[in-house]
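K.L.:
Here is my input; please provide its structure:
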Amino acid sequence: MPDDDAAARDAAEEASAFSHPPIAPDATAPYGDHPDQVIDFYAPRTPTDPGDAATATAPLVVILHGGAWRAPYDRHHITPFADFLARHGFAVANVEYRRGSSLPAQTGPTGTPTPVAGRWPETFDDIAAALDALPDLVREALPQADPRRTVLTGHSAGGHLALWAAGRHVLPPDTPWRTPRPAPLRGVVALAPIADFAVAEKLDVCGGAPAQLLGGQDKFTDRRPYADPALLLPTGIATTLVQGRSDIVVPQAVAEAYADAAAKAGEVVGLTLLEDVGHFPLIDPAADACAVVVEEIAQLAW
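P.N.:
Numbers count the residues shown, from 1 in each chain. Below is the predicted model:
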């Protein structure tokens, strides 16, 4: 259990990250029939080529939001981060997906109902469908974007989904999510990701959310090969993890476990550890850590 000082700091960081009003997108497009199957698009706020702003295109950053795959957390809480990226010259796609809203709540340790994390298989269906549809949607909704320079990013549970999406070509062959080749990405920047399910479960990350995502403890072992990024390596895609050393929501050990698994698979994964940074500053435009995240994305995108 975190000490009182760590818990108070985490609460303050979360309050800061969630204090920004939602930023409306420039366009929204559906990638399916469900209300959650939508993508918001943000045009770059600054021209990428001051000499020819009319024809310049910007790298595309695709965001997968966090929130432990639970319904109360949707894409709106990360729109200030999307706008922050747009103000730094990126075209941005903020993806919504189905979370745990259709499942009954479970009782947490305090006796209060806790929303269930995710849906199997709908959460994964949606991420696969969104990324498959994205190139066509971008051409229509965000002509300022250059899909050839795409970086996939995600925070917390969204970091898991970003790593998972980058590993679809190494999924077991009996899954419909598998792709015949790697995704055409410049890279992945995963922010405090739930990147290794075995370690996350041992640490009870987000109240057992990984097991809930997979349908419960009785399904956890059988479904891990289809869902755990640490088992989907090597990807062959440039990948960087950004992690706060003071994170008590998704501790540093989870990111380190993924980096170790990648090394054992013969792949080098970047791991940027930020001192005195917790879970939420990575997506908080008011925090210095957010500027570090933008720089990590820029190194891959440009």
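K.L.:
dump the residue contacts of residue 238.
P.N.:
Residues in contact with residue 238 (CB atoms under 8 Å, 6 or more residues apart in numbering) are 186, 187, 188, 300. Glycine gets a C-beta too; all of them are placed from N, C-alpha and C.
K.L.:
Check the spacing between residue 167 and residue 229 real quick.
P.N.:
Note on residue 167: its distance to residue 229, by CB to CB, to the nearest Å, is 6 Å.
K.L.:
quick one: residue 249 and residue 156 touch, right?
P.N.:
Yes. With contact defined as CB atoms under 8 Å, residue 249 reaches residue 156; the gap is 7.0 Å.
K.L.:
residues shared between the contacts of those two?
P.N.:
In terms of CB under 8 Å, 6+ apart, residue 249 and residue 156 are both contacted by the residues 192, 206, 279.
K.L.:
Just among the residues you listed, which is most surrounded?
P.N.:
residue 192 (31 neighbours; other CB atoms under 10 Å).
K.L.:
Leaving out sequence neighbours, find the closest residue to that residue.
P.N.:
residue 250 (4.7 Å; CB to CB, 6 or more residues apart in numbering).
K.L.:
which two from the contacts of residue 238 end up farthest apart in space?
P.N.:
Greatest spatial distance in those: 186 and 188, 9.0 Å, computed using CB to CB.
K.L.:
which one of those two has more residues nearby?
P.N.:
Neighbours were counted for residue 186 and for residue 188 using other CB under 10 Å; residue 188 has more, 29 against 20.
K.L.:
From one end of stretch 264-279 to the other, what's the distance?
P.N.:
For stretch 264-279, the separation between the terminal residues is 27 Å (CA to CA, to the nearest Å).
K.L.:
So what touches that stretch?
P.N.:
Stretch 264-279 is contacted by residues 9-10, 13-14, 156, 192, 233-236, 239-250, 252, 255-256, 258-259, 262-263, 281-282, 287, 289, 292, 296 when judged by CB under 8 Å, 6+ apart.
K.L.:
Take those and keep only those in helices.
P.N.:
The helices, defined by DSSP state H, take in 9-10, 13-14, 252, 255-256, 258-259, 262-263, 289, 292, 296 from the contacts of stretch 264-279.
K.L.:
residues in contact with residue 285?
P.N.:
Contacts of residue 285 (CB under 8 Å, 6+ apart): 20, 80, 81, 83, 84.
K.L.:
Same check on residue 131?
P.N.:
62, 95, 152, 165, 183.
K.L.:
Spatially nearest residue to the last one (excluding sequence neighbours)?
P.N.:
Right, residue 183. By the measure of CB to CB, 6+ apart, the closest residue to residue 183 outside its immediate chain neighbours is residue 166, 6.1 Å from it.
K.L.:
Relative to residue 234, how far out is the one you found?
P.N.:
10 Å.
K.L.:
now do residue 96
P.N.:
Residue 96 is 29 Å from residue 234, by CB to CB.
K.L.:
repeat for residue 72
P.N.:
On the measure of CB to CB, residue 72 and residue 234 end up 35 Å apart.
K.L.:
Pick out whichever of those two has more residues nearby.
P.N.:
Neighbours were tallied for residue 72 and for residue 234 using other CB under 10 Å; the higher tally belongs to residue 234 (17 against 11).
K.L.:
wait, the more buried one sits on residue 258?
P.N.:
No. At 11.9 Å, residue 234 and residue 258 do not qualify as touching, with contact defined as CB under 8 Å.
K.L.:
what sits against residue 123?
P.N.:
69, 97, 98, 99, 161, 213.
K.L.:
Can you add neighbour count and give those back as CSV?
P.N.:
Below are the contacts of residue 123 laid out as CSV (neighbours: other CB atoms under 10 Å):
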residue, neighbour count
69, 27
97, 29
98, 22
99, 27
161, 31
213, 29
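K.L.:
any chance of the contacts of residue 238 in JSON lines, plus pLDDT and distance to residue 39?
P.N.:
As requested, the contacts of residue 238 are arranged in JSON lines below (pLDDT from 0 to 100; distance: CB to CB, whole Å):
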{"residue": "186", "pLDDT": "98", "distance to residue 39": "19"}
{"residue": "187", "pLDDT": "98", "distance to residue 39": "20"}
{"residue": "188", "pLDDT": "98", "distance to residue 39": "18"}
{"residue": "300", "pLDDT": "97", "distance to residue 39": "21"}
